[in-house]
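Participant: can't give you the sequence, but here's the structure:
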């Protein structure tokens, strides 16, 4: 069974940093694109970042470019999101999602349950 | 990158059909056949219902179908059932090599 399990969320002060992790199982992790998608309280889904399978090319939404870094460790079947210079508007549930294919553009067919990030003083 | 435009809400009675629209631009929906649709029950993980405009993942009911014309994509749900009540989101690949979601549509089954 394909599974994704996020961790690393929590409360952080504005300007602080946090690293999210997503442990993957049940599929050949290195082959597929992976993405992070977030949902702020009372808002819709927002794609944050993606990384291609095999090539490892990374992609970012303008709202997080320069502050967030996506990476993957295929030896650990784990996806990461390093979040720096956090702002109140980054408060959200962060979902990890597996791509349908090798690039994020094809869609996301398996999602984790999410981890909550709260940015507040 | 602006969000794709979806109606805030739609409703229908059991057994009826409904269609949710998703309007973008010539830089996203109109340019690529990489439109996806997701069902999201609050508090649960989103579920992929349609990818690449009209493809259904295995396990998704054939009551769900997708199409596209110009800059607008559509999700049609036929034979509405109570369990279809959820939020629905479209997404598209963009010319900026990013992915953009719609604002979401709340489906109410009357």
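Facilitator: Thanks, I have it. Everything numeric here is computed off the predicted structure, so don't read it as measured data. Residues are numbered from 1 along each chain as shown, chains lettered A, B, ... in the order given.
Participant: count of neighbours near residue A:28?
Facilitator: Residue A:28: 10 surrounding residues under other Cβ atoms under 10 Å in any protein chain shown. (Each C-beta comes from the backbone N, C-alpha and C, glycine too.)
Participant: what about residue A:7, how many residues close to it?
Facilitator: For residue A:7, using other Cβ under 10 Å, the count is 14.
Participant: ok, it touching residue A:21?
Facilitator: Yes - the criterion here is Cβ atoms under 8 Å, and residue A:7 meets it with residue A:21 at 5.1 Å.
Participant: How about the contacts made by residue 102?
Facilitator: Looking at chain A here, since you left the chain open. Applying Cβ atoms under 8 Å, 6 or more residues apart in numbering or on different chains, one finds that residue A:102 lies in contact with A:31, A:32, A:33, A:52, A:53, A:54, A:55.
Participant: I was thinking of chain B, sorry if that wasn't clear
Facilitator: With Cβ under 8 Å, 6+ apart, residue B:102 has these contacts: A:44, B:3, B:4, B:5, B:6, B:22, B:89, B:90, B:91.
Participant: and if we set it to 6 Å?
Facilitator: B:4, B:6, B:22, B:89, B:90 (Cβ atoms under 6 Å, 6 or more residues apart in numbering or on different chains).
Participant: ok, for the second one, nearest residue in space, not its chain neighbours?
Facilitator: If the residues on either side of it in the chain are set aside, residue B:6 comes closest to residue B:102, at 4.0 Å by Cβ to Cβ, 6 or more residues apart in numbering or on different chains.
Participant: and that neighbour, how far is that from residue B:36?
Facilitator: 10 Å (Cβ to Cβ, to the nearest Å).
Participant: Residue numbers of chain B in contact with chain A?
Facilitator: B:34, B:36, B:45-46, B:48, B:51, B:57, B:89, B:93, B:97-99, B:101, B:103-104 (Cβ under 6 Å from any Cβ of the partner chain).
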